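sequence unknown, structure follows:
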């Protein structure tokens with residue numbers, strides 16, 4: 001048996017690990033720089049919908065959006081919703097909005113048009129808002145939503161990767177996010193992007209003939 005004193009000295013164990021440590025430190029910086037470049041391109045191009053989203057193709061983050069306090073549709077309370085409501089076999093749309101958001105006012109009529117033309121449920125998330133202001137907003141501009149939930153703290157929006165108001169997500173029948181639109185919907189984005197994605201999501205769940 002070879003004695004410990006006779007064994008050749010072993011090289012320091014931390015030397016082979018240095019390259020991996022350098023990579024571990026550098027990788028977050030590389031990822032951040034790449035994302036920053038994508039953000040810069042999107043902002044310079046004037047098309048915020050080009051902002052990257054890590055949520056595409058993934059299940060919608062688990063969340064329960066409670067009803068907005070006192071929000072009514074006539075005499076009927078407008079209920080909140082949960083992620084489970086988005087995974088019942090039908091394509092749906094989730095729209096994050098706020099009463100203080102001017103672009104939300106601009107896109108609001110298009111949400112009703114979207115619901116009618118695409119035949120899908122549109123679920124609203126009232127973001128970091130006062131319930132009284134949310135009620136006034138719906139009372140003034142109408143209610144295009146199947147359900148309206150509240151995200152009073154804004155923490156659920158972070159889970160969804162929301163950058164700002166408004167943002168719209170298309171969710172397939174399995175509860176997976178298939179498209180994200182950053183910024184207000186426009187007639188052009190509705191025709192060229194949102195409606196085609198919804199139709200594709202519907203076709204994808206249709207049984208083969």
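Looks like it arrived, so ask away. The shown structure was predicted, so the numbers you read here are calculated from the model rather than taken from an experiment.

can you list the domains in the protein?
Per the record, the chain has its domains at 13-44, 53-205, by automatic domain parsing.

Pick out the shakiest of the ones you listed, pLDDT-wise.
Lowest mean pLDDT within these: domain 13-44, a mean of 49.

For the protein, which segments count as strands?
64-65, 72-73, 76-77, 81-82, 92-97, 121-127, 147-151, 167-171, 177-182 (DSSP state E).

Make JSON lines out of those and add mean neighbour count and distance to residue 201.
Just so you know, the C-beta spots here come from the backbone N, C-alpha and C atoms, and that holds for glycine as well. Formatted as JSON lines, the strands of the chain follow (neighbours: other C-beta atoms under 10 Å; distance: least, C-beta to C-beta, whole Å):
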{"stretch": "strand 64-65", "mean neighbour count": "18", "distance to residue 201": "21"}
{"stretch": "strand 72-73", "mean neighbour count": "13", "distance to residue 201": "27"}
{"stretch": "strand 76-77", "mean neighbour count": "10", "distance to residue 201": "29"}
{"stretch": "strand 81-82", "mean neighbour count": "20", "distance to residue 201": "19"}
{"stretch": "strand 92-97", "mean neighbour count": "26", "distance to residue 201": "9"}
{"stretch": "strand 121-127", "mean neighbour count": "25", "distance to residue 201": "13"}
{"stretch": "strand 147-151", "mean neighbour count": "22", "distance to residue 201": "19"}
{"stretch": "strand 167-171", "mean neighbour count": "24", "distance to residue 201": "6"}
{"stretch": "strand 177-182", "mean neighbour count": "21", "distance to residue 201": "5"}
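
Columns distance to residue 197 on top of these, output as CSV?
Shown next, in CSV, are the strands of the chain (distance: least, C-beta to C-beta, whole Å):
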stretch, distance to residue 197
strand 64-65, 22
strand 72-73, 28
strand 76-77, 31
strand 81-82, 21
strand 92-97, 10
strand 121-127, 14
strand 147-151, 21
strand 167-171, 5
strand 177-182, 4
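
Figure out which of the ones you listed is closest to residue 192.
For the strands of the chain, the distance to residue 192 is smallest for strand 177-182, at 11.0 Å, taking C-beta to C-beta.

Give me the distance between the spatially most central residue of the chain and residue 154.
Residue closest to the average C-alpha location in the chain (C-alpha atoms, centre = their mean): residue 160, at 4.2 Å. According to C-beta to C-beta, to the nearest Å, residue 160 stands 11 Å off from residue 154.

ditto for residue 198
To residue 154, residue 198 is 27 Å away according to C-beta to C-beta.

again, but for residue 189
From residue 189 to residue 154 the distance is 25 Å (C-beta to C-beta).

Give me the more crowded residue out of the two.
Shown here are residue 189 and residue 154; by other C-beta atoms under 10 Å, residue 189 has more neighbours (18 against 13).

my guess is the more buried one meets residue 181, correct?
Yes: Residue 189 is in contact with residue 181 according to C-beta atoms under 8 Å; the separation is 6.4 Å.

Which phi and psi values does the nearest residue to the residue nearest to the centre of the chain once chain neighbours are set aside adopt?
Distances taken as C-beta to C-beta, 6 or more residues apart in numbering put residue 61 closest to residue 160, at 5.6 Å, once the chain neighbours are dropped. When read as degrees, to the nearest 10, the backbone of residue 61 gives phi -60, psi 140.
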